[in-house]
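**Q** just coords:
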């Protein structure tokens with residue numbers, strides 16, 4: 001069986017927050033032509049370098065090229081074997097299997113059956129081969145990277161197709177996979193640079209663990225959701241320790257402004273941006289960065305009217321929660337934050353250019369089994385903004401980790 005011609009369909013494996021990850025991809029690639037099979041977003045008829053693109057995406061775990069669609073089990077194995085025969089020297093390969101059923105034992109067993117059968121066939125032909133075994137049906141980015149499965153080795157991603165499935169809407173369960181099952185197959189080209197993200201998350205010299213810090217991945221996703229050219233001016237008026245500004249620097253933005261009411265935050269931001277530039281070899285040539293201590297209520301004193309293309313920020317999110325707060329205290333804090341945010345948006349309207357964008361985090365607080373939310377979107381629109389709808393026309397995107405007392409809602413606005 002001959003190896004299929006290179007496909008123009010890419011599979012992007014989404015991170016934990018699949019809706020935000022998908023929205024980021026659609027924004028960066030500026031396309032509405034995609035196929036979502038959670039947690040896989042398939043993009044067709046676009047050309048890009050997977051190893052370069054994945055560095056610019058905060059929410060994508062892997063990028064793969066489709067090498068088989070609606071193939072039988074035998075055809076799938078033949079495609080993998082032919083691909084592995086192109087590897088010179090010892091062959092290393094791994095398999096990741098995606099189904100919706102959370103039966104890790106059954107899914108892992110199926111992946112292992114594929115892997116061991118393929119290994120046995122290759123060894124029978126006298127080839128030196130190693131199958132990278134795993135304790136889960138999906139190989140982590142760490143495992144793929146440590147075993148060089150996007151270099152000399154290979155990782156294959158297998159997706160069973162539901163019977164009579166046209167445009168996939170869901171991944172089949174293990175129970176639906178039978179003898180006449182068809183599969184789609186992809187070869188991993190790039191994995192998320194997890195070590196770099198970890199270094200930026202935990203290695204930054206300026207930290208404020210008490211207040212909490214925005215994860216670099218989320219900061220990058222927010223910047224990408226703004227959809228502005230890297231030559232334009234980006235402002236973070238609640239810059240904290242500078243996570244958004246640092247990620248913007250890494251994405252290539254050269255005109256950056258950061259302000260915060262806290263002198264420590266400004267000191268941390270300066271220290272962190274110097275560290276990021278040094279760690280990742282960013283030259284300060286043509287770089288315009290302005291960082292200054294100032295509260296959002298006085299932002300007009302240091303930022304000119306109609307001068308900002310986009311504001312991307314995590315504002316003050318309230319006092320850190322311990323989990324024993326009374327409901328009335330959380331409601332009171334939500335009201336205070338609402339007033340702060342509306343005051344901020346009244347200032348934003350003056351300093352933004354026409355059609356300038358705002359990507360803004362609004363917290364919600366966990367009380368028992370319910371969320372206390374801050375409802376200020378209508379008032380923001382009354383200040384002269386229109387709501388931006390994200391992925392699949394969603395007005396907001398939720399970022400919430402399990403058992404977290406504070407969740408983040410991502411909202412987008414555009415100045416009228």
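**A** Nice, I can see it. Keep in mind that what you see is a predicted model, and the values were worked out from it rather than measured.
**Q** distance of residue 409 from residue 383?
**A** 18 Å (CB to CB, to the nearest Å). In this view, the C-beta of every residue, glycine as well, is placed from N, C-alpha and C.
**Q** actually residue 104, sorry about that
**A** Residue 104 is 49 Å from residue 383, by CB to CB.
**Q** do the same with residue 204
**A** From residue 204 to residue 383 the distance is 34 Å (CB to CB).
**Q** same question, residue 228
**A** On the measure of CB to CB, residue 228 and residue 383 end up 21 Å apart.
**Q** cool, and residue 337?
**A** Taking CB to CB, one finds residue 337 at 16 Å from residue 383.
**Q** what residue ranges in the stretch 151-300 of the chain score low on pLDDT?
**A** For the stretch 151-300 of the chain, the stretches flagged by pLDDT under 70 are 162-179, 209-212.
**Q** out of residue 204 and residue 383, which sits in the busier spot?
**A** Using other CB atoms under 10 Å as the criterion, residue 204 and residue 383 rank with residue 204 on top: 21 against 17.
**Q** please name the nearest non-neighbouring residue to the more buried one.
**A** residue 272 (4.8 Å; CB to CB, 6 or more residues apart in numbering).
**Q** quick one, helices of the protein?
**A** Counting by DSSP state H, the segments of the chain that form helices are 18-29, 50-53, 73-84, 104-124, 141-146, 194-202, 216-226, 243-251, 263-279, 327-351, 377-382.
**Q** how about these, which one is nearest residue 301?
**A** Residue 301 lies closest to helix 327-351 among the helices of the chain, at 10.2 Å (CB to CB).
**Q** return the set of buried residues in the closest one.
**A** 330, 333-334, 337, 340-341, 344-345, 347-351 (16 or more other CB atoms under 10 Å).
**Q** same check on stretch 262-270?
**A** Buried-residue list, stretch 262-270, by 16+ other CB under 10 Å: 262, 265, 266, 267, 268, 269, 270.
**Q** nearest spatial neighbour of the fourth one, chain-adjacent residues omitted?
**A** With CB to CB, 6+ apart as the measure, residue 206 is the residue that lies nearest to residue 267, at 6.8 Å, once sequence neighbours are left out.
**Q** these two touch, right, the one you found and residue 272?
**A** Yes: using CB atoms under 8 Å, residue 206 is in contact with residue 272, at 4.6 Å.
**Q** mutual contacts of the two, please.
**A** Shared contacts of residue 206 and residue 272 (CB atoms under 8 Å, 6 or more residues apart in numbering): 241, 242.
**Q** so for the two, which sits in the more crowded spot?
**A** It is residue 272, of residue 206 and residue 272, that has more neighbours when counted by other CB under 10 Å, with 24 against 20.
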